[in-house]
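A.B. asks: whatever this is, show me its structure:
(one chain, ligands or ions: 2)
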Amino acid sequence: MRFHIHTYGCQMNVRDSEAVEALLVAAGHEKACGEADADLVVVNSCTVRQKAEEKAVGKAGNLIAAGKVVGLMGCAVKRMGEDVFRRLPRLDFAVGPRAYGLIPRIVEEGRYPRLELGDDMVPECLAAHVESGWQAYVTVLLGCDNRCSYCIVPDVRGHEYSRPAREVVAEVSALAGRGVREVCLLGQSVLRYGVRNAAWDERDAPSPGGYAEAFPRLLEAVAAIPGIERIRFTSAHPGGCTDELVRAYREFPQVCRHLHLPVQSGSDRILAGMGRRYTRAEYLAAVAKLRAFDPEFSVTTDVIVGYPGETERDFEDTRSLMEEAGFDNAFVFKYSPRPGTRSAALPDDVPTAEKERRDQVLLADQEARGLRRNGELVGTVREVLAEGPSKRVAGRWSGRDSGNRIVVWDVGGKSYAPGEKVMVKVLEVHPQVLVGVPVA
Ligand code: SAM
Ligand code: SF4
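C.D. replies: Ligands and ions are numbered 1, 2, ... in the order given. Modelled structure (predicted):
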């Protein structure tokens, strides 16, 4: 069949879709140029906010109406269970976020409708990749055991499972052999790698640097793989910002100077209600620790506005925390109650218009802060890995520095290859972009 995959949601979904693509190609199917050209379309869904779920379900509905064979995968399937066929009566198959490995067999058998939820299943095909480019996502931790009050992820992605370190190292080594130079290690709360189940065992050689914690030790092992120039990982929880993690940042230049550290709120009262297991002061201490070793260290975050009971004062605490933390970038989300989560039992009492206002205020603050933080980098030279031509301005290329900042430069007739290292001197800045010129 000619197939197309349409992906909503986080990097983990992007990675899962890539694995499905690799599996379908291995099973003899062919990637279509786009959805119109495909016989089979798989929609990978997100359910973290209600709107995200509606988008994926709406998309699948349109594709069914267009006469395609349609499969829905991902988080929304697990949330809806059998209801998925009430919402989409002519859907062919639906698989949960840990059951995507079954898709080739389901398509092969063609006995529709089919529902496979997968629960805590560990896909056998976690290392399946398509032959593409110099960057790759690598899943190291499945599921989440944190149970933050508002979050549906633990219900849909199941319990935490850390892949054996040996498997991760083998996967990254294979990717490096195919030309991958940058990997991003994925987990919902990735610093909990090796906490619920052991990731390292006695058959593994001892850590050369004496690392005792599972995740820093994984960074050490991945940094030792020839050809891997950059290592990123996401998402993090301040509880995992240990001295060993900072030591790994310091000792391995491959580990990028960036951490996505979702804070969610700056109010201790709201943080306690959310069950985040840190206070404002503890969060800020984690940021200070990272910036103490490198003042240019980039910290980005996620924030929720309009959590049940969030007062103007709580909101102002979030504003001031964001200023104190000096975030380099921030994603702001309007609270959306999710069925079955603890906070769904609380009144969703911040009006939509007020959530919108708080969202806009934080975004405006972040624009100003981004401009100021980036302004401190004018005149510095960034080591950039080139990604491709800029989508906004013709004649420019774009890439990222170690801090995950977008850097653009005028090509001036020169040609670049994706993944090529370019040293760029910063001349001008925007809230989320550095503009410069290549230097020797
Ligand atoms: N596991 C990651 C973490 O905790 O760091 C993030 C998981 S979630 C896919 C991404 C972001 O969505 C969260 O950091 C949070 O800000 C936001 N989010 C999660 N549940 C939400 C909800 N019910 N309403 C609004 N935003 C939500
Ligand atoms: Fe959700 Fe919290 Fe787990 Fe992140 S850490 S996925 S916000 S429960």
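A.B. asks: okay, and V407 sits in which element?
C.D. replies: According to DSSP states H and E, V407 maps onto strand 406-410.
A.B. asks: which other helices and strands does that strand contact?
C.D. replies: strand 381-389, strand 396-400, strand 421-429, strand 433-438 (3 or more Cβ pairs under 8 Å, 6 or more residues apart in numbering; DSSP states H and E). C-beta here means a position set from N, CA and C on the backbone, and glycine is covered the same way.
A.B. asks: mind running it again at 6 Å?
C.D. replies: strand 396-400, strand 433-438 (3 or more Cβ pairs under 6 Å, 6 or more residues apart in numbering; DSSP states H and E).
A.B. asks: could you check the angle strand 433-438 makes with the strand or helix carrying R372?
C.D. replies: In this assignment (DSSP H and E), R372 forms part of helix 352-375. Comparing the axes of helix 352-375 and strand 433-438 via axes from the mean of the first three to the mean of the last three Cα atoms, to 10 degrees yields an angle of 20 degrees.
A.B. asks: will you turn the helices and strands packed on strand 406-410 into JSON lines that also has mean neighbour count?
C.D. replies: Supplementary listing: the helices and strands packed on strand 406-410 in JSON lines, determined by neighbours: other Cβ atoms under 10 Å:
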{"stretch": "strand 396-400", "mean neighbour count": "21"}
{"stretch": "strand 433-438", "mean neighbour count": "20"}
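A.B. asks: can you add mean pLDDT and distance to ligand 2 and give these back as CSV?
C.D. replies: Listed next are the helices and strands packed on strand 406-410 as CSV, based on pLDDT from 0 to 100; distance: least, Cβ to the nearest ligand atom, whole Å:
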stretch, mean pLDDT, distance to ligand 2
strand 396-400, 97, 24
strand 433-438, 97, 28
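A.B. asks: quick one: the ones you listed as a markdown table, columns for distance to ligand 1 too.
C.D. replies: Conversion of these to a markdown table gives the following (distance: least, Cβ to the nearest ligand atom, whole Å):
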| stretch | distance to ligand 1 |
| --- | --- |
| strand 396-400 | 20 |
| strand 433-438 | 23 |
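A.B. asks: before we move on, the earlier item: which strands or helices does the helix holding R372 pack on?
C.D. replies: For helix 352-375, the packing partners by 3+ Cβ pairs under 6 Å, 6+ apart come out as strand 298-305, strand 329-334.
A.B. asks: tell me the most buried of those?
C.D. replies: strand 298-305 (a mean of 22; mean count of other Cβ atoms under 10 Å).
A.B. asks: please see if that one touches ligand 1.
C.D. replies: Yes: using Cβ under 6 Å from any ligand atom, strand 298-305 reaches ligand 1 at D302, I304.
A.B. asks: show me what that strand is packed up against.
C.D. replies: Using 3+ Cβ pairs under 6 Å, 6+ apart, strand 298-305 is in contact with strand 258-260, strand 329-334, helix 352-375.
A.B. asks: swap the cut-off to 10 Å and go again
C.D. replies: Packing partners of strand 298-305 (3 or more Cβ pairs under 10 Å, 6 or more residues apart in numbering; DSSP states H and E): strand 258-260, helix 280-293, helix 312-325, strand 329-334, helix 352-375.
A.B. asks: tilt between that strand and strand 329-334?
C.D. replies: Using the same axes, to 10 degrees: strand 298-305 against strand 329-334 is 10 degrees.
A.B. asks: near ligand 2, which residues of the stretch 101-250 of the chain are found?
C.D. replies: With Cβ under 6 Å from any ligand atom as the criterion, the stretch 101-250 of the chain meets ligand 2 at residues C144, N146, R147, C148, C151, V153, P154, Q188, S189.
A.B. asks: quick one: R396 and G413, what's the gap?
C.D. replies: 12 Å (Cβ to Cβ, to the nearest Å).
A.B. asks: pick the most buried one from the helices and strands packed on strand 298-305.
C.D. replies: strand 258-260 (a mean of 23).
A.B. asks: what residues sit buried inside the next helix or strand after that strand?
C.D. replies: Sequence-wise, the next helix or strand downstream of strand 258-260 (DSSP H and E) is helix 268-274. Residues of helix 268-274 classed as buried: D268, I270, L271, G273, M274 (neighbour count, 16 or more other Cβ atoms under 10 Å).
A.B. asks: how about the residues of the chain that lie near ligand 1?
C.D. replies: Counting by Cβ under 6 Å from any ligand atom, the positions of the chain adjacent to ligand 1 are 10, 48-49, 150-151, 153, 188-189, 235, 262, 264, 302, 304, 333, 335-336, 338.
A.B. asks: going through these, which ones are buried?
C.D. replies: By 16+ other Cβ under 10 Å, those give 10, 48-49, 150-151, 153, 188-189, 235, 262, 264, 304, 333, 335-336, 338 as buried.
A.B. asks: returning to what we had before: the strand holding V407 vs strand 381-389, what angle?
C.D. replies: Using the same axes, to 10 degrees, strand 406-410 lies at 80 degrees relative to strand 381-389.
A.B. asks: where exactly do the helices run in the stretch 151-300 of the chain?
C.D. replies: Assigned by DSSP state H, counting those that start in this stretch, the helices in the stretch 151-300 of the chain fall at 153-157, 165-177, 214-223, 243-251, 268-274, 280-293.
A.B. asks: turn the ones you listed into JSON lines, columns for mean pLDDT.
C.D. replies: Output for the helices of the stretch 151-300 of the chain, formatted as JSON lines (pLDDT from 0 to 100):
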{"stretch": "helix 153-157", "mean pLDDT": "97"}
{"stretch": "helix 165-177", "mean pLDDT": "98"}
{"stretch": "helix 214-223", "mean pLDDT": "98"}
{"stretch": "helix 243-251", "mean pLDDT": "98"}
{"stretch": "helix 268-274", "mean pLDDT": "98"}
{"stretch": "helix 280-293", "mean pLDDT": "97"}
